[in-house]
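K.L.:
Let's see this in three dimensions:
(chains A and B)
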Protein chains: 2
Amino acid sequence: MTPQFAVVGKSTPKRDGVEKVTGRTRYLHDLALPRMAHGRILRARFPHARIVSIDATRARALPGVLVVLTGEDVEQHPFGFAKDQLALKRGKTCCIRDEVAAVAAETPEIAEAALALIDVEYTELPAVFDPRAALAPGAPLVHEHLSGNLTHLRYQFTHGDVDGACAGAAATVDGEYRLNFVSTACLGTMVAVADWNLDDRLTMHSTTQVPFLYQRDLAQALGIGGERVRVLQPPVGGNFGRGLDLYPIDVIAALLSRAVRRPVKIEFDRMEEFMAAPGREPCVIRLRTAASADGRLLARDAHVVIDNGAYVSWGSTTPHVMLSTVAGLYRCPNVRFDTTIAYTNNPYSGSMRGYGNLESTFAVESQMDDLADRLGLDRLEFRRRNATKPGDANPQGFAITSCALGECLDTVGEDAGRDVPAPRPGWKRGVGYAGMFHVAGGARIYRSDGCGAIVKLDDFGAVSLITGASEIGQGSETVLAMIVAEALGVPLERVAVVNSDTAVKPWDVGAHASRTTFIAGNAARLAAEDLRRRLLAMAAAFFEEPAERLEIREGWVFVRDEPQRREPYDRIVRAGHYRDGGRALVAEAFYDPPSTMLDKDLHGNVSAAYGFAAQAAVVDVDPETGAVEVRRIVSAHDVGRALNPAAAEGQIHGGIHMGLGYALAEKLVVEEGHVLSATFMDYALLRAADMPALAVRLIESVDAEGPFGAKGLGESGVIPVSAAVANAIHDAIGVRFTELPITPARVRAALARR
Amino acid sequence: MTPQFAVVGKSTPKRDGVEKVTGRTRYLHDLALPRMAHGRILRARFPHARIVSIDATRARALPGVLVVLTGEDVEQHPFGFAKDQLALKRGKTCCIRDEVAAVAAETPEIAEAALALIDVEYTELPAVFDPRAALAPGAPLVHEHLSGNLTHLRYQFTHGDVDGACAGAAATVDGEYRLNFVSTACLGTMVAVADWNLDDRLTMHSTTQVPFLYQRDLAQALGIGGERVRVLQPPVGGNFGRGLDLYPIDVIAALLSRAVRRPVKIEFDRMEEFMAAPGREPCVIRLRTAASADGRLLARDAHVVIDNGAYVSWGSTTPHVMLSTVAGLYRCPNVRFDTTIAYTNNPYSGSMRGYGNLESTFAVESQMDDLADRLGLDRLEFRRRNATKPGDANPQGFAITSCALGECLDTVGEDAGRDVPAPRPGWKRGVGYAGMFHVAGGARIYRSDGCGAIVKLDDFGAVSLITGASEIGQGSETVLAMIVAEALGVPLERVAVVNSDTAVKPWDVGAHASRTTFIAGNAARLAAEDLRRRLLAMAAAFFEEPAERLEIREGWVFVRDEPQRREPYDRIVRAGHYRDGGRALVAEAFYDPPSTMLDKDLHGNVSAAYGFAAQAAVVDVDPETGAVEVRRIVSAHDVGRALNPAAAEGQIHGGIHMGLGYALAEKLVVEEGHVLSATFMDYALLRAADMPALAVRLIESVDAEGPFGAKGLGESGVIPVSAAVANAIHDAIGVRFTELPITPARVRAALARR
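P.N.:
Residues are numbered from 1 along each chain as shown, chains lettered A, B, ... in the order given. Have a look, this model is predicted:
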């Protein structure tokens, strides 16, 4: 029997892997353009201060300095999600990250030296660092032209009768969950290389992961048409959502390049990366969950307070996703959700992997355990009883099609305890569970959630896929090549992927919301299928058979019923090319998923498919020291179909690593508006030796809309980890932690308090 | 009245102009890749010698040397037009250019030093440097495995009864015309940068102008599949046909890179460029032309002897084009043509701009004057009387569609004498004419003469044309952008051209035979027209009008009969993208012209259109010194339609410059197989101050097949110059020169002889 797929479903090494592990990858950091100058940014001395004067005389006089720019020197346009900042600040600083001046010089060292020669006089202003305090009467105003510190963002949702349901519930639990700043901690820091040419066109080499939105936003910030901006995306050393917004680094690099008419590179060092690159937003989630005596969820009521920092970024739109979890992780008939998002003088965050879902899953899944305990139900059984099922429509109107949450829960339940050696003497063992619900078929944040693809087949059988998608290390090149190879019926190694130049590639929203395999994959599949049709038409002429009788598989074109009549596909291509009326083969497609945007009441169907997962964490806790050792994570994921199982597992492994850091170790220390974490000595990223045993179970629900049945899974590994770990710790020592990270000091203090 | 065209027909600066004149263009010479090593080639010490031994011990021991390769060290496959050479020679050297060994080292200086440390022992062999002598019995054999020095190339053609026609002619003229080696003298020398990665894929950064043929040929030479070779084409400093063959530099760079697994760059210095880059082949044309008393051409009989040099290149296929001129420049009912192409121990040539047509036009047009004189007819009138006309089919079967040769002759006749100051006292003035016939709608040398194009339109109205075409300084980017802008109805500055990566661009034969505007232009036009249809469909939904009622012009989409109902086209694009079922716009096309290959008897219709031109040269000759001063060239060209008149004039200016050098000054001195021209002090390239007044007249015959009526003209400026100048000199002093260049020494000697 012929297997169903020739390429898809086989674990395949990532295409960028060899070059990366051998140190050959040319990252944006390695880019050196002829005549390139080097830029550096002078940042605020105080989180909130009036800029009285800036005197750059001494800096400008330094040999090798090409230009010094301040906010007063250049035309600028506000940018950011709320258009509330300028790249080079004017008048005052609102957070410690604020860009006060920028230098371009012949070398990075000269640029750095010049920063120290810029004399800025400040008058410090009273500042506010807590979002609730920011809303108190008389609080310092972060933006003085606004009447208060409340941002315009508010996410309000109601479905059913929450109060009535709670009143009639057998049990309710209530809690407040506090999440802190963390950093994406990308090994490759942020870089922007701007090259403003004599035609007044700007080429940006950027770490962005949304090149077409970046093109638009950067052009607006510079006051030029988007058609004048070309974005190139060299390999990046991590991104994890860091590349979703436009940042001052990008605008400033462009302004410096425009000023000096040379390419200008700005590259963050690690300290600057901690301070100025966006991370995960701090928030406080107040959540109440109610259930019936037979263990049915009745209601959830949530209020999220977000520390917006000084400027609104995409990071403050995470309640979109928090709501999805509150309303959609397990069946819950009555839901209320509201937010308070306030400006403070803290640094602002970005939209980091998981995008609000880690935070809300931590709250929701903590309460699932607490409710089960209250009701005297098995914690896993309580979840199973409320599990979402195919055909559900959730309170927001999300249409659940493929769904294997139940199987995921069963799997981790069966698998959690396996192969874990006994705890050391005196240590307490606990097992915790958490489920996950996330978009997995795009996320219609914009009116278009689409992606374009062009497929070209040359005389040698080489296939180029020109995709709108962005490779940011997640393995999209590999899986898209696999999809094309499968759809065309050619060997995988013949397929190359072109994906790093907005002048070349067709439009795409960008790499976010775990959408690339699903959306760009479908676009690639459609284009490849069209090319396959054209190739079969050529083959029909060659074999003098109707195309319907022909098949392409593993690089051979053959007559289905007479498989001995076959030719290598590249021979058919050449025969179709080198004849009268011949042609070389190119096909294209655009795929926009069948989803609908949320309306003003946050109803809609934001994704064409949804992903589900469940995790079990086995942890040992040392009551003496408070040390928590995670022994095993079992992570079961409804992935639709695992197109590249090794890559899927790798994504989940990486997610678990990030989730464990969030749960137990990572905290970007921000005090009084100052970022105190400065190096990886301060910022406790987990190392390989810190990782537990991982078991990933890929469950294939075969989504009807996904490419070959696949759904997105880029974020699903990270989302439930902190909840599962907190539940396991609770299981082990009976302490419910509602703030992350759960450090040994906190565990010890909590045990001491008890 | 609305003009017919918004973009086409307006003189438009070349897109690469500003960057080039400001020194910002990043040529292949400027390319530096991380970890790049530098290669150098050791060449033969004798034109013909046995290689007794090669000892690279000392070279390999030099610090910084990474590898030394000889022909014995690596697997190689024969390449070249006749597959008669290896990149690194084995056993013996057949010309002074022969590559005996190659080095890769950390720096170019170390590589150069290493060459001197390679000890090669030779036994010199008797050599032959003249193609007739090479065919004499007992001549040294260039390739010992062959039975003689005659190549397999022979171009034999007969049409009508030449002998009968000559016998009955009122006049016949007979002559032998001798053409010498010249160099393309590109300001940018040849460079190859090879990057063989760990996946066993090769990326070549090359000066090629036929990237897809190069991909195929290089892969064959290396014994790998073409799908493993990607070709990138950074800007080049001239090419003029130099980039039509694969050369040892390319193969050697790849072999070195494979050996050291690092990028390797080989860059010719000027001396190496003169010696090892291909130029125009030396030949001797024996021609007889017969005419009737009333001035009708009756017959031509030609025999061409070509010095093939040591290996067969495309340069030895130039008789293809020589025949076209003998059979097709003016109406000539009886034609005979034959060739003798023999190996010698000279360097081999390439296929330089004009490709045999300069040589044959020099012979044909010299005899047109001589015949007119013999018949007592006005020289121009004689040409007019025999001018090709639309609807003609010539002896080879070429179908002449658009043709304005008569107008070209009239124009130069009227214009020749204008604005030329009187000659200095004692100097003799002459006026000479020459016509020109050349392919102008592609040249079907391969089974496909096609080109692909992809057009993409983004949210900002930015258009990217991804074309198979190669920009080699001829202005193709500019004219292709104009064609797309015109076909789409959008401003020119919105159109970008992508054309330098075989992984991205669709197939194309390459830049040769003046085909790019016609072939790539038609492909671009077809793709743009398809995109326009899609855009009009979007506009139909927007305006709620049938697409037939809508028009796009200068960036506005409007209702044809209600032009006040209009929107910027990019707004329509966004409206069509950001809606349910929306999409971003991409379209593609492939154009292969309606032409037919020549059959074995050299009958066919090789081009979809033919170009015609006439030139008049006004020269003053100083009988005292033999100095020739060209005072004015009038060049009238049937270009179909001048899409970019300034660029068309520029092409013709450049061609005249090259033609004048060929006529009067340039000669690559090759003696006993050694290339003696080593610098621009030796090689008399004309400088700006040497140039006469030029008057270009563009005559628009509006070709039915060409894009907006255009025909190719890349080569037409250079072709007739030497004939017109020789005729003018004859007119001035009565001396018929049959060998180029016509240097002052030769003029003086000829006058002295008389």
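K.L.:
When you work out contacts or count neighbours from here on, use the C-alpha atoms and nothing else.
P.N.:
OK.
K.L.:
ok, and for stretch A:115-126, which residues are buried?
P.N.:
A:115, A:117-118, A:120, A:122, A:124-125 (16 or more other CA atoms under 10 Å in any protein chain shown).
K.L.:
ok, those residues vs chain B, which is closest?
P.N.:
Nearest to chain B among those: residue A:115, at 28.8 Å, using CA to the nearest CA.
K.L.:
Next one: the closest residue to that closest one other than its chain neighbours from chain B, what distance?
P.N.:
Using CA to CA, 6 or more residues apart in numbering or on different chains and skipping residues adjacent in sequence, the residue nearest residue A:115 is residue A:42, 5.9 Å away. Taking CA to the nearest CA, to the nearest Å as the measure, residue A:42 falls 30 Å from chain B.
K.L.:
Now do the contacts for whatever residue of the stretch 101-250 of chain A ends up closest to chain B.
P.N.:
At 4.9 Å from chain B, residue A:227 is the closest residue in the stretch 101-250 of chain A, using CA to the nearest CA. Contact analysis of residue A:227 by CA atoms under 8 Å, 6 or more residues apart in numbering or on different chains lists B:460-462, B:494.
K.L.:
And for residue A:226?
P.N.:
Here residue A:226 is in contact with A:215-216, A:218-220, B:460 (CA under 8 Å, 6+ apart).
K.L.:
now swap in residue A:305 and tell me
P.N.:
Contacts were defined as CA under 8 Å, 6+ apart; by that measure residue A:305 touches A:131-132, A:283-285, A:339-342.
K.L.:
And the furthest pair within these?
P.N.:
Greatest spatial distance in the contacts of residue A:305: A:285 and A:342, 14.2 Å, computed using CA to CA.
K.L.:
So these two - more neighbours on which side?
P.N.:
residue A:342 (27 against 23; other CA atoms under 10 Å in any protein chain shown).
K.L.:
Tell me the bridge partners for that one.
P.N.:
residue A:150, residue A:307 (DSSP bridges).
K.L.:
Could you check the pLDDT of the residue of the stretch 101-250 of chain A closest to chain B?
P.N.:
As predicted, residue A:227 sits at a pLDDT of 95.
K.L.:
With the one 5 residues further on instead?
P.N.:
pLDDT, residue A:232: 98.
K.L.:
Would you mind confirming that it is in contact with residue A:209?
P.N.:
No. Contact criterion CA atoms under 8 Å: residue A:232 and residue A:209 do not qualify, at 10.5 Å.
K.L.:
and the two? which has more neighbours close in?
P.N.:
Higher neighbour count among residue A:232 and residue A:209: residue A:209, with 25 against 21, using other CA under 10 Å.
K.L.:
ok so, going back, redo the contacts of residue A:226 as JSON lines? Include secondary structure and neighbour count.
P.N.:
As requested, these are exported to JSON lines (DSSP: H, G, I helix; E, B strand; the rest coil; neighbours: other CA atoms under 10 Å in any protein chain shown):
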{"residue": "A:215", "secondary structure": "helix", "neighbour count": "24"}
{"residue": "A:216", "secondary structure": "helix", "neighbour count": "19"}
{"residue": "A:218", "secondary structure": "helix", "neighbour count": "28"}
{"residue": "A:219", "secondary structure": "helix", "neighbour count": "22"}
{"residue": "A:220", "secondary structure": "helix", "neighbour count": "16"}
{"residue": "B:460", "secondary structure": "coil", "neighbour count": "19"}
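K.L.:
Greatest separation within those: which pair is it?
P.N.:
A:218 and B:460 (12.8 Å).
K.L.:
just to revisit the earlier point, taking the contacts of residue A:305 one by one, which sit in helices?
P.N.:
A:131-132 (DSSP state H).
K.L.:
Pull out the buried residues from the contacts of residue A:305.
P.N.:
Buried members of those, scored by 16+ other CA under 10 Å, are A:131-132, A:283-285, A:339-342.
K.L.:
Same list (those residues) but as a markdown table, adding pLDDT.
P.N.:
Converted to a markdown table, these look like this (pLDDT from 0 to 100):
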| residue | pLDDT |
| --- | --- |
| A:131 | 97 |
| A:132 | 97 |
| A:283 | 97 |
| A:284 | 98 |
| A:285 | 98 |
| A:339 | 98 |
| A:340 | 98 |
| A:341 | 98 |
| A:342 | 98 |
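K.L.:
tell me the contacts of the residue nearest to residue A:115?
P.N.:
With CA under 8 Å, 6+ apart, residue A:42 has these contacts: A:99-102, A:115.
K.L.:
Where does the prediction get shaky in chain A?
P.N.:
A:1-2 (pLDDT under 70).
K.L.:
Quick check: residues of it near chain B?
P.N.:
Taking CA under 8 Å from any CA of the partner chain as the test, the list of chain A residues beside chain B reads A:18-19, A:26, A:34, A:198, A:225-227, A:447-448, A:450, A:452, A:456, A:458, A:460-462, A:464, A:466, A:494, A:496, A:498, A:503-504, A:506-507, A:577-584, A:586-588, A:590-592.
K.L.:
Now list the buried members of the residues you listed.
P.N.:
A:225-227, A:448, A:450, A:452, A:456, A:458, A:460-462, A:464, A:466, A:494, A:496, A:498, A:503-504, A:506-507, A:577-578, A:582-584, A:586-588, A:590-592.
K.L.:
picking that back up, now the residue nearest to residue A:115, what are its backbone angles?
P.N.:
With angles defined as degrees, to the nearest 10, residue A:42 sits at phi -90, psi 130.
K.L.:
Which part of the stretch 651-754 of chain A gets nearest to chain B, residue-wise?
P.N.:
Counting by CA to the nearest CA, the stretch 651-754 of chain A gets nearest chain B through residue A:705, at 15.3 Å.
K.L.:
Check the contact between that residue and residue A:608; I expect there is one.
P.N.:
Yes. Residue A:705 lies in contact with residue A:608 (CA under 8 Å); the separation is 7.2 Å.
K.L.:
neighbour count winner among these two?
P.N.:
The neighbour comparison of residue A:705 against residue A:608 (other CA under 10 Å) goes to residue A:608, with 27 against 20.
K.L.:
quick one: contacts for that one?
P.N.:
A:440-443, A:593-595, A:705.
K.L.:
need these in CSV with secondary structure, can you?
P.N.:
Below are the contacts of residue A:608 laid out as CSV (DSSP: H, G, I helix; E, B strand; the rest coil):
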residue, secondary structure
A:440, coil
A:441, coil
A:442, coil
A:443, coil
A:593, coil
A:594, coil
A:595, coil
A:705, coil
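K.L.:
And the furthest pair within the residues you listed?
P.N.:
A:443 and A:705 (14.2 Å).
K.L.:
returning to that earlier point: nearest to residue B:269 among the contacts of residue A:226?
P.N.:
Closest to residue B:269, out of all of the contacts of residue A:226 and judged by CA to CA, is residue A:215, at 41.4 Å.
K.L.:
looking at it, the closest one is touching residue A:229, isn't it?
P.N.:
Yes. Between residue A:215 and residue A:229 there is a contact under CA under 8 Å: 5.9 Å.
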